[in-house]
Each structure stands twice: as C-alpha cells, then as structure tokens.
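Colleague: model the structure of this input:
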Amino acid sequence: MTPEQQALKNAVRSLLHKHSNTRAALETGYDKDVWARLTDMGVLPIPEEHGGSGATAQDTNVVLEELGRTLTPSPLLATTIATHALLSVKQDDLLQRIANGAIATLAWPWDGTQVTGTSHLTGTFKYVLDGDHAEILVVSDGRHLYEVHDVTPEHTPTMDQTRRLATVHLDNTPATRLGPWDPAIQTAAIAALAAEQVGTAAKALELTVEYTKTRVQFGKPIGQFQALKHRMADMHVLVETARSAAGAVTDETSAAVAKVYCSESLFQVAAEMVQLHGGIAITWEHDAHLYFKRAHGARQLFGSPAEHLRRLRAKI
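Modeller: Numbering: from 1, shown residues only. The predicted structure follows:
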C-alpha cells in the first residue's frame, strides 16, 4: 500500500466511524450523506479527463475494503463496476455524471441470463447491485454494452440486508449500444468484490478476538484457552492469504482464484465468528449475524466458488 493509499484508508475509516450507521441504512438501502462524502473524496476510478480525481482501481479497492469492514450499505461497488465498463468504451458524458455523484450499475450475464435483441433488448437480470437506486443503468448481453432507459428495477429482498439487489426486466426495451463487451470488466468486478470480502473478514476476526478477551469462562477470558488461540490463528492466516489473493488479480485466471479463495475464507471466518461468540452471535442485537449473511451472499455473487473452480479446471 502506498503512502497515499494509507492516507485514503485512514480518511475513509474515520469518515465511516463518524457518519456510517449500518443499521439505520438497512431500511433505505444506503446512506445518502455517506455516499455524497465518498464521491466528494474522489474515490471512484475515473481519470481526470473524464471529470474524476484520477483514482486508480487499487485506490477504489482500498475504499471497498473499508466499506466491507463496516458492512456499510453503499452503491460504491455497483458504481465502480459500471465505471470500469464505461471506461472500456470511453463514455465521457456518463463518466462525468458518475464523477458528479450519480449512481450507476451494470447488469451482465454472469449467472447465465439470456438477453436477445439489438436496438431493443429482452431478458431478465435477477441480481443487479443497487439496481433500484441507479440513475445510470448499463447492461450487457455478453457481446456488447448498452445503456437502457425507462426501466423500473424491482427491489429484491435478500438474506443479506446490507446488500441491495434488484431485478431488471427488459421487454423489447429500447437500448443504446455503447460498444463491445470487454472480459476485463468481469475481472475488475471480481477484484473489487474480493477487496470488500477481505475487509469483512478482517473485521470479523477483530471482533472475535476482542470478544474472547472479555468473555470469561472458568475464571479467565476464553481467549487464553489454547484451542481458541489456534482457531483464531487459523482465521488470521485465512484473512491475510485472502488479502494476497485479492491484491494479485491481473487477469481472468487470477480473478477466479481470488473469487474462490476470498469467498471461502470469508465464509470460514464468519462461521468461526458465530461459533466463538456463542449464543449472542445469533441475536438481532449483535452484528455477527450480519457478517455471516454477508459471507453467504458475497460467496454467490458473480458466480459461486464451484463455478469458478470448474473454469479453472477447464484451463488446466
């Protein structure tokens, strides 16, 4: 991490500590004030010639990791992915709008969705990030990118209340072709999600360690028991190796590796978090269940680990 990225990390962490209220944002889908502050900081990977701050994809992933730590409901992941798509086809006007605070999202057939048509599209995308909040809706049929208008996405209730998903129905919907689909868009999307997963896993570990220092059993904190020390050491290894995998994404293969490893690591760390917290972890008042639900949801987003493993095996 560069000194500039460390400063960005500290600034975002401070911002979220002061202004983020995850529980309050569950009802609305995201905190408009936090989103405005993030966009004012220029955290999106938009070059200066398109009205952005010149932040890199790595800079944005630093911010996503911080959002993952707090589970802050935010359209940053969706807008980041849409930004990568629009950069691939050099859509200056749309990028300028995003740099000025517009929420954007990309719907593409990562789950096998079939889309037909050229100037008018037909198909249904079921799991679109922040689709019901997006002011800019970009879709892909796997061959081209399109911008669509006059579509009203429907909010999709999910187990993970901190993640906003929507269903987008296209029924002979007019669409403007923007350019060809670039596979690097999916690679960037998985890298962004992996960064967020690392942040979630890291915070789950921290909360667990803190709890084991205060929970007393048999006259001493449970964190002093050797068996629990070993389990938390294993959690630490999972978090740090996931961070390495997330930071090493450069192509389709490394993206698949990161998706598998970060998904499985977060799932295991979140499961251990619930186990080591005991009964309190499954109460609504404690945040442990939110981390566990995020682990489940993120594991399936953009393809399950099993699907990515099949792709990796096919390349061998």
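Colleague: centroid residue for this structure?
Modeller: residue 193 (3.9 Å; CA atoms, centre = their mean).
Colleague: and that one, what pLDDT?
Modeller: The pLDDT attached to residue 193 in the predicted structure is 98.
Colleague: which residue ranges of this protein form helices?
Modeller: 3-19, 22-28, 32-40, 57-70, 76-88, 92-99, 184-214, 226-247, 252-277, 288-300, 305-315 (DSSP state H).
Colleague: looking at these, which one is packed in the most?
Modeller: helix 76-88 (a mean of 26; mean count of other CB atoms under 10 Å). All C-beta spots, glycine's among them, are computed from the backbone N, C-alpha and C.
Colleague: pLDDT on that one, on average?
Modeller: The pLDDT scores in helix 76-88 average 98.
Colleague: do stretch 100-107 as well
Modeller: On average, stretch 100-107 scores 96.
Colleague: next, the buried residues of it.
Modeller: Residues of stretch 100-107 classed as buried under the neighbour-count rule (16 or more other CB atoms under 10 Å) are 102-107.
Colleague: so which two of those residues are the farthest from each other?
Modeller: 102 and 107 (16.4 Å; CB to CB).
Colleague: before we move on, the earlier item: closest one of the buried residues of stretch 100-107 to residue 225?
Modeller: Out of the buried residues of stretch 100-107, the member with the shortest distance to residue 225 (by CB to CB) is residue 105, at 46.1 Å.
Colleague: wait, the closest one touches residue 78, no?
Modeller: Yes - counting by CB atoms under 8 Å, residue 78 is a contact partner of residue 105 at 4.1 Å.
Colleague: shared neighbours of the two, which are they?
Modeller: 128-131, 134 (CB atoms under 8 Å, 6 or more residues apart in numbering).
Colleague: any chance of those in JSON lines, plus pLDDT and distance to residue 174?
Modeller: Below are the shared contacts of residue 105 and residue 78 laid out as JSON lines (pLDDT from 0 to 100; distance: CB to CB, whole Å):
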{"residue": "128", "pLDDT": "97", "distance to residue 174": "18"}
{"residue": "129", "pLDDT": "97", "distance to residue 174": "23"}
{"residue": "130", "pLDDT": "96", "distance to residue 174": "22"}
{"residue": "131", "pLDDT": "95", "distance to residue 174": "18"}
{"residue": "134", "pLDDT": "95", "distance to residue 174": "17"}
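Colleague: just these: which are in strands?
Modeller: Among these, the ones falling in strands (DSSP state E) are 128-129.
Colleague: highest neighbour count among the shared contacts of residue 105 and residue 78?
Modeller: Among the shared contacts of residue 105 and residue 78, residue 131 has the most neighbours (other CB atoms under 10 Å), with 27 neighbours.
Colleague: now do the contacts for that residue.
Modeller: Taking CB under 8 Å, 6+ apart as the criterion, residue 131 is in contact with 78, 105, 107, 125, 137, 153, 165-168.
Colleague: can you do 6 Å?
Modeller: 105, 153, 166, 168 (CB atoms under 6 Å, 6 or more residues apart in numbering).
Colleague: any idea which of the buried residues of stretch 100-107 is closest to residue 240?
Modeller: residue 106 (30.3 Å).
Colleague: ok so, going back, for the shared contacts of residue 105 and residue 78, which one is nearest residue 2?
Modeller: residue 129 (27.8 Å).
Colleague: how about the nearest residue to that closest one, chain neighbours excluded?
Modeller: residue 78 (3.6 Å; CB to CB, 6 or more residues apart in numbering).
Colleague: thanks a lot, catch you later.
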